Structure formats: C-alpha cells, structure tokens
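Colleague: starting from these lines, generate the structure:
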Amino acid sequence: MSIIGKVVGAILGLIVFRNFFGMLIGAFAGHMFDLSVVQSRRQGGGSSFIEPLFAFAGALAKSDGRVSEQEIRACERLMDRLRLDADLRRVAIEQFNVGKAPEFEVHRVVSELRAWTRGRRDLAFLLLDMLLDLVYAEGTLAANKLDMVRKLCWALGVSDAELAAVSAMKGYGPAYSGPQGGYSGQRPPRNTVPAADPYVVLGIPRESDPRDIKRAYRKLMSQHHPDKLGNVPAELKHGAEARAREINAAYERIKSERGFT
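Modeller: The predicted structure is shown next:
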C-alpha cells in the first residue's frame with residue numbers, strides 16, 4: 001500500500017498545528033487518502049479483475065466434470081496474453097484452483113466481475129473475449145459451460161445474440177455452420193477459417209433493413225472501441241482493435257451485398 005498520503009499528511013499536520021498531535025492527525029488523514037486510492041484502483045480497473053476472472057475460469061473448466069490439459073493450456077495462454085508477472089501468475093493459479101473446488105460459490109465471483117465492469121459494456125465484452133478460448137478449449141461446447149457463461153452474460157447485461165457475435169468475431173460458434181448460422185460449438189482449423197457471417201457479427205437477422213443495420217453497426221462500434229477500455233493490458237486493447245476491424249468488415253460486406261451506402 002502507498003505511504004505517500006501518510007507522509008504528506010504528517011508533514012502538513014506538523015506545519016499547520018506545530019505539534020506532535022497535529023502530525024498524527026495529518027498522518028491519519030493521509031492514511032485514509034491512501035486507502036481511498038487503493039479502493040479506487042480496485043474498483044476502477046487495472047489488474048483487479050485477475051482474481052475473480054481466474055476463479056471463474058477454474059469453475060468453468062471443472063463444470064463438465066474434470067479439468068483437461070487443453071483447458072489448463074488455455075489458462076496458461078491467457079496468463080501469457082495478460083503478461084502477468086510472477087506474483088500475479090501465482091495469484092491466477094491459486095484462484096483457478098479455488099474455482100475448481102466443489103464447494104466454490106460461482107455467484108460471488110460473478111458479482112465481483114460485474115462490479116469491476118461498473119456497467120460498462122466494453123469491459124463486459126473484454127471479459128467474454130478472455131474467457132471464450134477456455135470455453136472452447138476442448139472443441140465442443142459442453143452444456144454446463146454454456147450455462148455458466150450465460151449466467152455471467154446475464155449479470156453483465158450481455159444478450160445471447162451479443163455472445164454469439166463475440167464468439168463469431170473470435171472464430172467460434174454459429175458463424176461457421178452454414179449460411180443461416182446454427183450452433184456448431186467448435187472452431188475450424190486455423191488455416192481453413194472462413195469469413196464470419198456478417199449478420200452474426202452485427203447480431204442482427206438477415207432481413208434487417210439498412211436503417212437497423214446501420215444502428216447495430218454504430219452501437220457495436222461504440223461498445224468495442226479500444227480507446228474506452230482505460231487501464232487494461234495493451235494486448236487486450238489490441239484484441240478490441242481486432243474486434244473493431246471485424247465489425248467494420250462485416251458492415252462493409254453487408255453494404256456491398258445489399259447495395260446501400
């Protein structure tokens with residue numbers, strides 16, 4: 001914890017009151033300031049999502065009965081993606097193991113993740129982006145995993161259609177099962193991944209008129225804009241930039257096919 005507030009407060013207390021008790025009063029006021037800064041950081045972003053994220057990941061991996069090697073590797077890749085230092089990596093592993101326990105209460109970390117997002121949908125989509133590689137680590141999507149992810153989405157205010165759109169942008173799920181979509185629950189080989197269904201990416205039905213298409217596009221761009229993410233690792237901002245490019249590509253493809261500007 002920072003001691004800057006305590007030191008500055010003690011000095012100011014000594015200057016103002018010119019006695020030892022004034023210095024103590026100032027130090028106490030500085031201590032309260034330090035606490036408020038720490039609390040603000042915990043609520044406002046940074047690495048405060050690490051513990052609940054990996055605890056949820058542990059519960060997610062265990063939800064189908066066992067934790068596989070693919071799921072463990074997916075979590076390790078997420079740690080690498082977040083560029084966790086040794087201390088945070090140890091915390092992530094500990095929380096993953098906590099989440100695997102049979103008595104673990106998932107609703108607690110769901111509440112913590114919801115508090116971290118503070119109602120911001122860009123941060124909600126960021127969490128889903130981080131979890132989807134684990135969700136699909138084994139190829140097929142188990143019903144228990146889907147149920148857990150939907151509960152998180154409900155808490156974050158994300159609809160099934162929006163979950164499908166984020167999945168499609170990452171190369172998972174309905175965008176790869178045919179022209180009408182459908183829930184394939186797996187990802188094709190990287191060297192054969194087709195273009196995502198643009199309507200699934202925008203989260204709209206195929207019969208949408210141009211006005212609704214434009215509205216959906218503008219809404220998604222506002223939700224996925226990387227500049228709004230704030231204090232998160234640069235790698236995650238790069239992911240948001242990739243999603244924004246995918247949204248733009250889907251919109252341009254629909255405009256070209258439908259012939260409107």
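Colleague: which residues touch the residue nearest to the spatial centre of the chain?
Modeller: When the chain is reduced to its mean C-alpha position, the closest residue under C-alpha atoms, centre = their mean turns out to be residue 127, at 1.3 Å. Shown here is residue 127, whose contacts under the criterion C-beta atoms under 8 Å, 6 or more residues apart in numbering are 49, 53, 113, 117, 152, 156. All C-beta atoms are positioned from the backbone trio N, CA, C, and that covers glycine.
Colleague: now, which of those sits nearest residue 92?
Modeller: Nearest to residue 92 among those: residue 53, at 8.0 Å, using C-beta to C-beta.
Colleague: show me what the helix or strand in which that closest one is found is packed against.
Modeller: Using DSSP states H and E, residue 53 sits within helix 50-62. In terms of contact count using 3 or more C-beta pairs under 8 Å, 6 or more residues apart in numbering; DSSP states H and E, helix 50-62 is assigned the packing partners helix 69-82, helix 86-100, helix 106-117, helix 121-135, helix 143-156.
Colleague: winner for burial among those?
Modeller: Comparing those by mean neighbour count (mean count of other C-beta atoms under 10 Å), helix 121-135 ranks first with a mean of 21.
Colleague: just want the angle from it to helix 69-82.
Modeller: Orientation check (axes from the mean of the first three to the mean of the last three C-alpha atoms, to 10 degrees): helix 121-135 against helix 69-82 gives 140 degrees.
Colleague: SS state for residue 104?
Modeller: The local conformation at residue 104, judged by DSSP: H, G, I helix; E, B strand; the rest coil, is coil.
Colleague: which ones are touching it?
Modeller: The contact partners of residue 104, taken as C-beta under 8 Å, 6+ apart, are 55, 58, 59, 98.
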